[in-house]
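Colleague: Have a look at this prediction, sequence included:
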Amino acid sequence: MAITYRDQTSYKLRSPSGSNRTATSACGRKFVAYDQNRPLAQQTPYTPLIAEVLVEIDTCEAQIADAKTRHAVAAEAVNTYDEQSKTLVSYMIKTLDANYPANPSKATEWGFTVKQATKNIITPTTRDERLQVMKSYIAKEESRPEAERFNSPNLAEVIAVRQGLADNIKARDEGQNDREAAIAACKTKAELLANHLQAAAVNILSLQYNYELSPALQNWGYDVVRKRSDSNGSNGTAEPEEATTDDSSPDTSPEPATDSDSGQVNVSLL
């Protein structure tokens, strides 16, 4: 939401938009800290609303950090277990080749695919293929008498690696999903906070400054700057755009700024 007023004063009021969560939160914290120290009768009706949204944003930020950590830890574990699974699968193939040199098709009983033309056991190339082969290998070995089971690779190790790989893939994906959900929630809260701050600015200016823009608004965390004058002596309002923050890294290309949707929301009072 963008609220715009214009006047003949030499000032311009800028408030952060919801697309810049860091700047919006900083403005909101300064707003609450200042307004809550004023007499209760002079406080804006938006102050408790801003304080409430800030608590919700803090909760979202904590959830983002937690999910990011869980994702990173699990992703590292996935890589470790995946490398171990490659080694174990190669041991399985060597063991089956050694035990059934004249009948390599027996390897299919342990979950492998055998190339008919060459009679060679095909090595799984993807993580999902290795997970499936290990699952079949475990089921086959557990179905055989313990005395007949292969010594290499160790069945208990195969079970542990497969379980570790599957569990950490799940934890990694859950961490990523939780992070994306928390980022989306945080963006929604930041937009709400920006709207509250814009409405609060109008409230302050209407009730306390007779709709005249005052540098005193900086006490509430707003950015009040002097307008630049052009060569004709008229006031210009062009200001550099603030950078936006976005935790979801897929799209980093900047979008064109407008008066109603940019890193800064311009409110020039009449």
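Modeller: Looks like it arrived, so ask away. Residues are numbered from 1 along each chain as shown.
Colleague: Give the burial count for residue 57, as a bare number.
Modeller: 23 (other C-beta atoms under 10 Å). C-betas here are computed from N, CA, C, even on glycine.
Colleague: How about the one 5 residues further on?
Modeller: In terms of burial, residue 62 registers 11 neighbours under the definition other C-beta under 10 Å.
Colleague: ditto for residue 29
Modeller: Applying other C-beta under 10 Å, we find 16 residues neighbouring residue 29.
Colleague: How about it: what's its closest non-neighbour residue?
Modeller: Counting by C-beta to C-beta, 6 or more residues apart in numbering, the nearest residue to residue 29 once its immediate chain neighbours are dropped is residue 54, at 6.3 Å.
Colleague: Wasn't that neighbour part of a helix?
Modeller: Yes. Judged by DSSP: H, G, I helix; E, B strand; the rest coil, residue 54 forms part of a helix.
Colleague: I'd say it and residue 27 touch.
Modeller: No. Counting by C-beta atoms under 8 Å, no contact exists between residue 54 and residue 27, whose distance comes to 10.3 Å.
Colleague: More neighbours: which of these two?
Modeller: Neighbour count, other C-beta under 10 Å: between residue 54 and residue 27, residue 27 has more, with 22 against 19.
Colleague: Okay, that one and residue 217: tell me how far apart.
Modeller: Residue 27 sits 11 Å away from residue 217, taking C-beta to C-beta, to the nearest Å as the criterion.
Colleague: got it, and residue 195?
Modeller: 17 Å.
Colleague: Comparing these two, which shows the higher neighbour count?
Modeller: More neighbours surround residue 217 than the other of residue 195 and residue 217, with 22 against 19 (other C-beta under 10 Å).
Colleague: show me what contacts the closest residue to the more buried one other than its chain neighbours?
Modeller: Distances taken as C-beta to C-beta, 6+ apart put residue 224 closest to residue 217, at 5.3 Å, once the chain neighbours are dropped. Applying C-beta atoms under 8 Å, 6 or more residues apart in numbering, we find residue 224 in contact with 11, 12, 13, 14, 213, 214, 215, 217, 218.
Colleague: Among those, which pair sits farthest apart?
Modeller: 14 and 214 (14.3 Å; C-beta to C-beta).
Colleague: Please say which of the two ends up with more neighbours.
Modeller: Higher neighbour count among residue 14 and residue 214: residue 14, with 20 against 17, using other C-beta under 10 Å.
Colleague: my read is the more buried one is in a strand, agree?
Modeller: Yes. Assessed with three-state DSSP, residue 14 lies in a strand.
Colleague: Test my guess that it contacts residue 223.
Modeller: Yes. At 4.4 Å, residue 14 and residue 223 qualify as touching, with contact defined as C-beta under 8 Å.
Colleague: can you tell me how far residue 52 sits from residue 146?
Modeller: Residue 52 is 63 Å from residue 146, by C-beta to C-beta.
Colleague: go on, residue 93?
Modeller: In this view, residue 93 and residue 146 are 22 Å apart by C-beta to C-beta.
Colleague: Please say which of these two ends up with more neighbours.
Modeller: Between residue 93 and residue 146, residue 93 has the larger neighbour count (other C-beta under 10 Å), namely 19 against 8.
Colleague: Where does the nearest residue to the more buried one once chain neighbours are set aside fall, secondary structure wise?
Modeller: Counting by C-beta to C-beta, 6+ apart, residue 93 lies nearest to residue 121, which is 5.0 Å off, once chain neighbours are set aside. Element membership for residue 121, per DSSP states H and E: strand 120-122.
Colleague: Please export the C-alpha coordinates of the helix or strand just after that strand as CSV.
Modeller: Heading C-terminal from strand 120-122, the first helix or strand you meet, by DSSP H and E, is helix 127-143. The C-alpha trace of helix 127-143 is given here as CSV (Å, rounded to 0.1, in the frame of the first residue of the first chain):
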residue,chain,number,x,y,z
ARG,A,127,21.3,-41.6,-5.3
ASP,A,128,17.7,-42.9,-5.7
GLU,A,129,19.0,-46.0,-7.5
ARG,A,130,21.6,-46.7,-4.7
LEU,A,131,18.8,-46.3,-2.1
GLN,A,132,16.7,-48.8,-3.9
VAL,A,133,19.5,-51.3,-4.4
MET,A,134,20.5,-51.1,-0.8
LYS,A,135,16.9,-51.6,0.2
SER,A,136,16.7,-54.8,-1.9
TYR,A,137,20.1,-56.0,-0.8
ILE,A,138,19.1,-55.6,2.9
ALA,A,139,15.8,-57.5,2.3
LYS,A,140,17.6,-60.3,0.5
GLU,A,141,20.3,-60.7,3.1
GLU,A,142,17.9,-60.6,6.0
SER,A,143,15.9,-63.4,4.3
